[in-house]
Each structure stands twice: as C-alpha cells, then as structure tokens.
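**Q** quick one, what's the 3D model for this:
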Amino acid sequence: MNDNKLPTEQLTRDFGKGFTVTNLTYMRQFYHTFPIRHALRDKLAWTHYRLIMKVPDENARNFYIDECIKSNWSTRQLERQIHTLFYERLLSSQNKEAVVRYTLAEDNKQIFASKYMLYLPTEEELKNEIYAAISEK
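**A** Residues are numbered from 1 along each chain as shown. Alright, predicted model coming up:
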C-alpha cells in the first residue's frame, strides 16, 4: 500500500480537498527546499515556488526569487528564464553588462527580458552584442 494513501484520505476528511498524493509530494518537496519558512516571500504565488523548487542550485533559486519580485515576473516568464538557463548564462558570460543590457529595456535597471522581446537572445546574438559593445569603446 502506498504510504501517502492513508494520510491523503484522512487529511481530506479533516480539511477538505487539496491533499492528493501529488500535492502532498509538492508540499514535502517545498518543506525540504525551503526549510527556513520565515525567509519566504509572500509576493510569489505557489506556482512560482513550484517552478523554483525544480532548480537544483540554491544560489540560482535565490536569484530567480529575487528577480521574480523585482521584475514582477509571471510564472510563464519565470519558467522561460529557468528553461533558457538565464542565471547560468549570466554567470558564464565574460561581459555580464552586455548580457544584462541586451535583455533590458533602455530605461530599466532590473534584470529581465523585455516584455516586447518574446525570447531570450541566442548565444550568437549575445556574441554579436558583445562585439558591438567592445567596438564602441
């Protein structure tokens, strides 16, 4: 018998819907990923946290949490940034300012893809931007 089966039935009887095996698994993962509950941000939705829990690196998780709040990312924007490895690309770039400048609107100081740009730049586009920035100096 599945160990989670009995608690789900009892929790559903005691508290109502929402205590499926899947949800209990997410709750357990959440507890293990974020053991210091007072450090959580109330500005993020459960869906944001579910996406962030999948990021294995704690520094990357903190980066995405901070950027979600500063840049007001929707869950789709967050998912796109995670799947395109925005944090890792930013770290591996030798010219971080060019990466940031390329993904920012002109008048914005926050790190996020412009809402008018429907994708993050490719490696080739970033290289072109870096070469252009170098040649301007």
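**Q** may I ask which helix or strand of the protein has the lowest mean pLDDT?
**A** One helix or strand of the chain scores below all others by mean pLDDT, DSSP states H and E: helix 96-103, with a mean of 58.
**Q** now do the SS call for the residue nearest to E88 when sequence neighbours are not counted.
**A** Residue nearest to E88 in three dimensions, not counting chain neighbours: A60, with 7.2 Å by Cβ to Cβ, 6 or more residues apart in numbering. In short, each C-beta sits where N, CA and C put it, glycine included. When the structure is split into helix, strand and coil by DSSP: H, G, I helix; E, B strand; the rest coil, A60 lands in helix.
**Q** buried residues in the helix or strand hosting I134, which are they?
**A** Secondary structure here is read from DSSP states H and E; on that basis I134 sits in helix 123-136. The neighbour-count criterion (16 or more other Cβ atoms under 10 Å) identifies 126, 129-130 as the buried residues of helix 123-136.
**Q** same deal with stretch 76-91?
**A** 77-78, 80-82, 86-87, 89.
**Q** residues contacting H48?
**A** H48 makes contacts with 68, 73, 75, 78, as judged by Cβ atoms under 8 Å, 6 or more residues apart in numbering.
**Q** so, low pLDDT: which residues of this protein?
**A** Counting by pLDDT under 70, the chain contains low-confidence residues at 1-6, 35, 37-40, 94-121, 136-137.
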